[in-house]
Structure formats: structure tokens, C-alpha cells
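Q: structural data only, the sequence is not supplied:
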């Protein structure tokens, strides 16, 4: 096995390519990306002999490429200096894909009548300085009434994402609201299937293809039917067929359409959490949350396909370039020993 060449990366800070200056000083570079979080993060640990490394300004732009592929885009959020007699000096620069000093974190109170999620997200995203894209089946979700209840655009987007079975992702000045478990990237990037094969690129694994958690084939939600003048309870199929139990939710919704969306969202999340684990492979910069990872060469019942939930790229002088993948939603033979 051969690791990725450490020098094959590019770092741009505040519009300036600092790769050449960082190369002899870089101790580690880590990028964390998740399908369940609105922001991605990046951290660089740099040797800081005699305090010569220039301290970046807060909210300065940061772009990282790995092996010629886009890997991170965001803003400086923290700079931390440490030092000791035995360990010398170093500086850790942290960045987030969300600009925490922008209007995206500003609480707002507004509403919109009779609109699709695509339209309302685009309008309110623009007010927060974000170009929003609503992807896949979520674009056509329509409601009689949308409200942002004195919450930031990020908080509103995350709440709506939970209600409709989606994921909100903010990347710099762009935002994406994508459906869960539908093979659509959370960041607008192309999805490339990843193969993790023992004896080839798979370095280690820790996988539980069967995780026993409460599951329900139906969710009961209630709403007030204005035409009938009474509260109505509706049973919504979750899409999970191997159980007989029903969940009676305490929350209420506005109408039957929202109730069905909530039920679908609950089913997606339950299906996603039925198993999972982690694998570490030789660095692969094209790995994306929501792509499929096929695990091979481990053992019967473990080999199979999984949905990638988190991606962690790591570069260091000691380990080279590695990629850790958090896996969910086992399928394709995972969880079944057919011998």
C-alpha cells in the first residue's frame, strides 16, 4: 500500500495561495464533513517557530483542494497558539463552512403564504446572503403557510429539514437542502461510489450491520381539520415493513400533507440508523456524504453497501493522507450471513 503524497494539496487563505509557505511547516490538516450538520469544518496545525506564521484574520476565506479536487470552502473561525519547552510552538487554524459573523446567524421573524419550499428557501436565503438550492423531491414540497419564528436562517433550515426528511448544508455563500437517502449530494457535488476493499485500500473497519433500535411501521400524527371543525388523527406509513408496532407522536401538524411528510421523514431516519460503523481507507478526495460505500473482503454479513454519513480527510507527516467514512443504512447483503 502507498499513501497519498503529503505535498499534493492546495490551501488558499484570503485569496492567497499559501501552499508553498505551509508545506515545510504543516503538521496536520483535517476536514470534517457530515450529512447531518449544516457546516463542515477544517483545521490546520502548523509549526510556528519563533512565532513567524502570519495570524489570519477572523472570517478570512479558506479554500482547500486535495489531489486536485475541491475539499473545503469556508471562513476562519478560530486561531489558537500553543507552546512548551519540550514541544515547541504551533498554531492551529480552524475554519467553518458557515460564516458565523454574517446575516445567516441573525434571528428573523417572517412568513410566506402558499409557496413551495424551493421558492421560500431561495427568497429567505437571499435575505441572509445565501444562494439556496432545494434538490430532488424536496423542491416541490408546498405549504399554505411558512414561518421563520425569530430564528436564524440556519436554525429555520435545520428545522424544516427535519420535518421533510432532508439535510441542510451551507458551503460559503451557497446553501443546499437535499433529501435523505435518495443518492443526492448534500453539497451539490457529484456522488462517486467508493470501494473499501481489504487488501487494497481498506486500512481498518469497525462496523455493526445490525443495531437494534425502536422501529415503527406507522406513525400516528394529529392535525386540526378546519372543514370538519375537529382534531383528526392520521396513520402514516414509514416504509418499514419488518415490524408491527406503531408510534403515536405527541407533536401536531398543520394538515394531512404535513403529517405524511413527517411520517416519511421518520421512516427515512429509522432506516438509516438500523446499522452502521466506520472504515478508514487510503485517502480519497472524491468521497462525499450520501454516496454509497461498498465494503469488501472483510467477512460475510459485513461486506455490502452502506450510505456514507460522514467524511473525514486527514493529512499528516506521520500517516500521510487517509479518509475515514462514517457509514449508515446497511444494504446489499450487509447484516445477513448467507453461508
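A: On my side now, so go ahead. Every value quoted in this text rests on a predicted model; they were computed, and no experiment measured them.

Q: phi and psi next, for the closest residue to residue 114 other than its chain neighbours.
A: Leaving aside its chain neighbours, residue 114 sits nearest to residue 144 (5.6 Å; criterion: CB to CB, 6 or more residues apart in numbering). For every residue, glycine as well, the C-beta is placed using N, CA and C. Reported as degrees, to the nearest 10, the phi and psi values for residue 144 are phi -70, psi -30.

Q: look up how far residue 255 lies from residue 144.
A: 8 Å (CB to CB, to the nearest Å).

Q: can you give me the helices in the chain?
A: Here the chain has its helices, by DSSP state H, at 19-22, 117-127, 153-164, 256-272.

Q: which ones are touching residue 29?
A: Residues near residue 29 by CB atoms under 8 Å, 6 or more residues apart in numbering: 9, 11, 42-45, 64, 313-316.

Q: one more pass at 7 Å, please.
A: Neighbouring residues of residue 29 by CB atoms under 7 Å, 6 or more residues apart in numbering: 9, 44, 315.

Q: residue 144 and residue 255: which is more packed in?
A: Between residue 144 and residue 255, residue 255 has the larger neighbour count (other CB atoms under 10 Å), namely 16 against 11.

Q: what about the closest residue in space to residue 121 that isn't next to it in sequence, neighbour count?
A: Counting by CB to CB, 6+ apart, residue 121 lies nearest to residue 132, which is 4.5 Å off, once chain neighbours are set aside. Other residues within reach of residue 132, judged by other CB under 10 Å, total 22.

Q: so residue 132 is in contact with residue 122, correct?
A: Yes: with contact defined as CB atoms under 7 Å, residue 132 and residue 122 form a contacting pair (5.1 Å).

Q: nearest to residue 336, out of the helices of the chain?
A: Closest to residue 336 of the helices of the chain is helix 256-272 (CB to CB; 15.8 Å).

Q: which pLDDT value belongs to residue 86?
A: Note for residue 86: predicted pLDDT of 84.

Q: how many neighbouring residues does it have?
A: When neighbours are counted by other CB under 10 Å, residue 86 comes out with 4.

Q: go on, residue 167?
A: Per other CB under 10 Å, the neighbour tally for residue 167 reads 27.

Q: residues contacting it?
A: With contact set as CB under 7 Å, 6+ apart, residue 167 has these partners: 35-36, 161, 178, 180, 186.

Q: how far away is residue 193 from residue 325?
A: From residue 193 across to residue 325, the span is 12 Å (CB to CB).

Q: compare the two (neighbour count), which wins?
A: When residue 193 and residue 325 are compared for neighbours, residue 325 comes out ahead with 24 against 13, by other CB under 10 Å.
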